[in-house]
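1. got a sequence here, can you build the structure:
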Amino acid sequence: MNTFLFWSCLILALEVTAYKNPDLPGAKSYNDFKVYRSYPKNNDEVDFIQSFESQENYDFWTDLKKGEPVEIMVSPENERIFENKLSTRGIKHEVIISDVQQLINLEKVGSRLLIPNSGGGHNMTWTDYHPLENIYSYLDYLQTKYDFVTTQSIGKSYEGRDMRIVRICRGGCGAKPAVWIDGGIHAREWIAPATATWIIKELVENDYKHPDLTENLDWYILPCFNPDGYAFSRTTDRFWRKTRSDNGNNKTGCKGVDANRNWDFHWNDGGSSSNMCSQNYRGPKPFSEIGCVPCLMYPASGTSMDWAYGVANIPYAFAMELRRKGFVLPPDEIIPAATETWNFHITVVRHIYSKVTQYSLIL
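-> Okay, here's the model as predicted:
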């Protein structure tokens, strides 16, 4: 059985009125939606801005804290009301994105970089964002071609999609210290699954460049933690964040749970909502959405990182915020973002492994 040394959750640092997107039938359009940055100076201003969080057409893109800027997406019909209310109270604010749909349109244009795949067998590239089917076909390709790679479905999502991990283990899994990486816990953060698959590619297809990483460690990577939400964000609502569970017979019709507020450690201790329509709705109980995913690999109202520290006793856990432009990162930034994230992981993992090895030798 593995001892997990390192846990990494790749994230980025919107439910709105159902406008139609003409480029994708049935999808919401964000024409003329604006993103504001506001600067609450004291608790009264924080409380006032927080009052918008439960209202439709206000989507908080960053956490609200005193003395720190907060970014909020506002629908066109609400922008004048929003500006007037902030101005009346003397709360500093500015527009940082004047038309959110323009960002989405840029995202649809694939990168001009020509980075070929590994010679066929899959459609995965890192010059565009890919559907779940392409991600999983890439995992199948690696499993077929490399004898130290296996894949596994560790459960089904609410809508019946497989939650697939890749296991990268030389000499079989279980005998070495292990690293867990997951991405895409929030559906709209497309750069996270793209980066997770880049890390998989580096570990497997470029293993010859850094053999110590697979000789000394087992790797378990879940590239898309929230497959239902990810699929919905690609077809219907680009800024969908939560899962797609139906939340029972509620009158609001609001669906989904914030999967990163659904862990069984300090659940419901703050930083989440009991409102089913909220983007950070914590769910009716811990692990209501998908169960304890890592428990399937590791016997062992918080976030995944809280759980890794507090329950699984994994000594090193990180939630890494990737580069962002309002959740919509142009495809030509996938490789730069993935490369810097990969460099961080190999640097930290090697350092942790050397420290653990030294400590073991001293004992």
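2. domain ranges for this structure?
-> The chain resolves into domains spanning 4-15+115-362, 34-98 when parsed by automatic domain parsing.
3. where do the strands sit along the stretch 101-250 of the chain?
-> Assigned by DSSP state E, counting those that start in this stretch, the stretch 101-250 of the chain shows strands spanning 149-156, 162-168, 178-183, 218-222.
4. packing partners of the second one?
-> Spelled out, that is strand 162-168. helix 132-145, strand 149-156, helix 191-205, strand 218-222 (3 or more Cβ pairs under 8 Å, 6 or more residues apart in numbering; DSSP states H and E). Using the backbone N, CA and C atoms, a C-beta is placed for each residue, glycine as well.
5. residue ranges with poor pLDDT in this structure?
-> 1-26, 109-119, 249-252, 261-275, 280, 283-327, 358-363 (pLDDT under 70).
6. what about the longest helix in it?
-> When the chain is parsed with DSSP state H, its longest helix is helix 334-362.
7. how far off centre is that helix?
-> Relative to its parent chain, helix 334-362 has a centroid offset of 21 Å by Cα atoms, centre = their mean, to the nearest Å.
8. now it against helix 191-205, angle please.
-> Between helix 334-362 and helix 191-205, the angle comes out at 60 degrees (axes from the mean of the first three to the mean of the last three Cα atoms, to 10 degrees).
9. in the chain, which residue is most central in space?
-> Centroid check for the chain by Cα atoms, centre = their mean gives residue 184 as the closest residue, at 3.1 Å.
10. quick one, phi psi at it?
-> phi 80, psi 30 (degrees, to the nearest 10).
11. quick check: it touching residue 233?
-> No - Residue 184 lies out of contact with residue 233 (Cβ atoms under 8 Å); the separation is 9.7 Å.
12. next, show the common contact partners of the two.
-> residue 190 (Cβ atoms under 8 Å, 6 or more residues apart in numbering).
13. what about the helices in the stretch 151-300 of the chain?
-> Counting by DSSP state H, counting those that start in this stretch, the stretch 151-300 of the chain has these helices, from start to end: 191-205, 212-215, 227-235.
14. including mean neighbour count, could those go into TSV?
-> Below are the helices of the stretch 151-300 of the chain laid out as TSV (neighbours: other Cβ atoms under 10 Å):
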stretch	mean neighbour count
helix 191-205	24
helix 212-215	16
helix 227-235	24
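15. quick one: closest of those helices to residue 81.
-> Taking Cβ to Cβ, helix 227-235 is the member of those nearest to residue 81, at 27.5 Å.
16. put the alpha carbons of the closest one into PDB.
-> Taking Å, rounded to 0.1, in the frame of the first residue of the first chain, the C-alpha atoms of helix 227-235 are listed here in PDB:
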ATOM      1  CA  PRO A 227     -16.700  15.300 -15.500                       C
ATOM      2  CA  ASP A 228     -20.400  16.200 -15.600                       C
ATOM      3  CA  GLY A 229     -19.800  19.900 -14.900                       C
ATOM      4  CA  TYR A 230     -16.900  20.000 -17.400                       C
ATOM      5  CA  ALA A 231     -19.100  18.600 -20.100                       C
ATOM      6  CA  PHE A 232     -21.900  21.100 -19.200                       C
ATOM      7  CA  SER A 233     -19.500  24.000 -19.300                       C
ATOM      8  CA  ARG A 234     -18.500  23.000 -22.800                       C
ATOM      9  CA  THR A 235     -22.000  22.700 -24.300                       C
END
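17. what lies in contact with that helix?
-> 24, 26-27, 129, 131-132, 157-159, 161-163, 184, 186-188, 190, 193, 224, 239-244, 256, 259.
18. is it true that residue 329 touches residue 337?
-> Yes - with contacts counted by Cβ under 8 Å, residue 329 reaches residue 337, the gap being 6.6 Å.
19. before we move on, the earlier item: format the helices of the stretch 151-300 of the chain as CSV; extra columns: distance to residue 278.
-> Shown next, in CSV, are these (distance: least, Cβ to Cβ, whole Å):
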stretch, distance to residue 278
helix 191-205, 21
helix 212-215, 40
helix 227-235, 15
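20. any idea which of the ones you listed gets closest to residue 89?
-> So among the helices of the stretch 151-300 of the chain, helix 227-235 is nearest, using Cβ to Cβ, at 33.9 Å.
21. so what's the nearest residue to residue 203 once chain neighbours are set aside up against?
-> Leaving out its chain neighbours, the residue that sits closest to residue 203 by Cβ to Cβ, 6 or more residues apart in numbering is residue 168, at 5.3 Å. With Cβ under 8 Å, 6+ apart as the criterion, the residues that contact residue 168 are 148-149, 200, 203-204, 214, 218-221.
22. I'd like the distance between residue 168 and residue 136.
-> Distance, residue 168 to residue 136, using Cβ to Cβ, to the nearest Å: 16 Å.
23. coming back round to it: pick the most buried one from the domains of the chain.
-> domain 4-15+115-362 (a mean of 19; mean count of other Cβ atoms under 10 Å).
24. quick one: closest of the strands of the stretch 101-250 of the chain to residue 86.
-> Residue 86 sits nearest to strand 178-183 of all the strands of the stretch 101-250 of the chain, at 34.8 Å, using Cβ to Cβ.
25. what helices or strands is that closest one leaning on?
-> Strand 178-183 packs on strand 4-12, helix 191-205, strand 218-222, helix 334-362, going by 3+ Cβ pairs under 8 Å, 6+ apart.
26. okay, now the sheet partners of it, with direction.
-> strand 4-12 (parallel), strand 218-222 (parallel) (DSSP bridges).
27. and the last one with strand 149-156, angle?
-> Spelled out, it's strand 218-222. Using the same axes, to 10 degrees: strand 218-222 against strand 149-156 is 40 degrees.
28. next, the angle strand 162-168 makes with strand 218-222.
-> Using the same axes, to 10 degrees: strand 218-222 against strand 162-168 is 160 degrees.
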